[in-house]
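*Asks:* Have a look at this prediction, sequence included:
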Amino acid sequence: MMRPPRPLPRLLQLLAACLLVALAACGAAKPPPAEPAKVALWAISDSTGVHGWLLGTVHSLPPGTQWHRPAIDSAIAEADRLVLEIGEPLDSGVAGQALGRLAFTPGLPPPSERVGPRFRGDLAKVYKDLSLTDAQFKDQESWAVALQIAAIGGRKQGMEPDSGVEPELRRVIGARPITGLETIDSQFGIFDTLPPRAQTVLLEQVAHEAADNRDDDKDMLALWLRGDELGIAREAQAGFLADPILRGALLTRRNLAWADQINAMLKGGGKPFIAVGAAHVAGVDGLPRLLEARGWLVKRVY
């Protein structure tokens, strides 16, 4: 719920701009071997022609990752606006204030006492690896702890707020409008309204994945660069998104709301280039299928 802003520790102020993309970020240390990118792009059309494009993104990329291809560049050139998950540029001060308004509940037990016994070792390992302690998360709700662990881990792997697809798109769109499907406050608000048990599952799964030595980020990046929608859909059914409450709140219901916004934008005469996290465009509840259900022809551009 909304509360007066509470100051964040200095480290977390610096990381606040990373938080909104942390759970979907890819922070591999180096890009995979160079091959022609086949990042999935969809054209949205009707009987009168193409009205927009949809791109699934990875929010944070290793330096040197080559993801552009001619079809993407051509679509950007034809679009009249850029549509992202969040329209305003990520700013650590604004994000920190939003987090401070929502993240704190006095009297909460330490995070290590909230997770189940089988996840306490994972959280302890993450704390050690990232030089963190329970004290740094005093009175912070579990969703906020989970996002910050993901952000701090990503920062350690080289993830920066200005890396990834979205900052590049902001640069190349030039003077054309940039709008958002959500705001910083509304995106944090989705996490803040999660039931306590779902927040605990989120924290447990983030800790488990952060403690695992497997390089899932690298695997996800490879799927994205290959344009492997089915592979991305499978990945998006694992971890915290395997929990039906978390999947409904963080993916399914957001996709439905976004599809309605995009549908209205297209019918209003806009010609947008839409870029959202890759999980949002994959599978039966992804945006391509939802836009098809609203009467649009949505076709992969190869």
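*Replies:* Structure's in. What do you need?
*Asks:* Can you show me the helices along the stretch 151-300 of the chain?
*Replies:* 165-172, 184-192, 196-211, 216-226, 229-235, 244-247, 253-267, 287-293 (DSSP state H, counting those that start in this stretch).
*Asks:* Indicate which one of the ones you listed is closest to F119.
*Replies:* Taking C-beta to C-beta as the criterion, F119 comes closest to helix 196-211 out of the helices of the stretch 151-300 of the chain, the separation being 4.2 Å. Yep, even glycine has a C-beta here, placed from its N, CA and C like the rest.
*Asks:* State the mean pLDDT of that closest one.
*Replies:* Helix 196-211 shows a mean pLDDT of 95.
*Asks:* List the contacts of it.
*Replies:* Helix 196-211 is touched from outside by 23, 111, 114-116, 119, 121-123, 125-126, 129-130, 141-143, 145-147, 149-150, 153, 191, 194, 216, 239-240, 243, 245-246, 249, with contacts defined as C-beta atoms under 8 Å, 6 or more residues apart in numbering.
*Asks:* ok now do the residue nearest to K156 when sequence neighbours are not counted, which residues does it touch?
*Replies:* Here the nearest residue to K156 in space, its sequence neighbours aside, is L130; by C-beta to C-beta, 6 or more residues apart in numbering that works out to 6.4 Å. For L130, the contacting residues are 149, 152-153, 156, 210, taking C-beta under 8 Å, 6+ apart as the criterion.
*Asks:* Who are the contact partners of V165?
*Replies:* Residues touching V165, when contacts are defined by C-beta under 8 Å, 6+ apart, comprise 55, 57-59, 61, 67, 275.
*Asks:* scratch that, D243
*Replies:* Residues near D243 by C-beta under 8 Å, 6+ apart: 198, 201-202, 205.
*Asks:* how about a cut-off of 6 Å?
*Replies:* Contacts here follow C-beta atoms under 6 Å, 6 or more residues apart in numbering; on that basis D243 touches V201.
*Asks:* just E182 next, same as before
*Replies:* Residues touching E182, when contacts are defined by C-beta under 6 Å, 6+ apart, comprise 85-86.
*Asks:* For the longest strand seen in the chain, buried residues please.
*Replies:* Taking residue count as the measure and DSSP state E as the definition, the longest strand of the chain comes out as strand 49-57. Buried residues in strand 49-57, counting neighbours by 16 or more other C-beta atoms under 10 Å, are found at 51-57.
*Asks:* which other helices and strands contact the helix or strand hosting R101?
*Replies:* Under the assignment given by DSSP states H and E, the secondary-structure element containing R101 is helix 92-102. With contacts defined as 3 or more C-beta pairs under 6 Å, 6 or more residues apart in numbering; DSSP states H and E, helix 92-102 has these neighbours: helix 10-22, helix 184-192.
*Asks:* any residues touching the following helix or strand past that helix, and which ones?
*Replies:* Counting by DSSP H and E, the element after helix 92-102 in chain order, helix or strand, is helix 111-114. Helix 111-114 has contacts (C-beta under 6 Å, 6+ apart) with 123, 134, 137, 142, 145, 200.
*Asks:* State the mean pLDDT of helix 111-114.
*Replies:* Here the mean pLDDT over helix 111-114 is 98, rounded to a whole number.
*Asks:* just the CA coordinates of it, formatted as PDB?
*Replies:* The C-alpha atoms that make up helix 111-114 are tabulated as PDB, following Å, rounded to 0.1, in the frame of the first residue of the first chain:
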ATOM      1  CA  PRO A 111      14.200 -12.200   5.100                       C
ATOM      2  CA  SER A 112      16.200 -15.300   6.200                       C
ATOM      3  CA  GLU A 113      13.300 -16.200   8.600                       C
ATOM      4  CA  ARG A 114      10.600 -15.700   5.900                       C
END
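*Asks:* That concludes my questions; thank you for your assistance.
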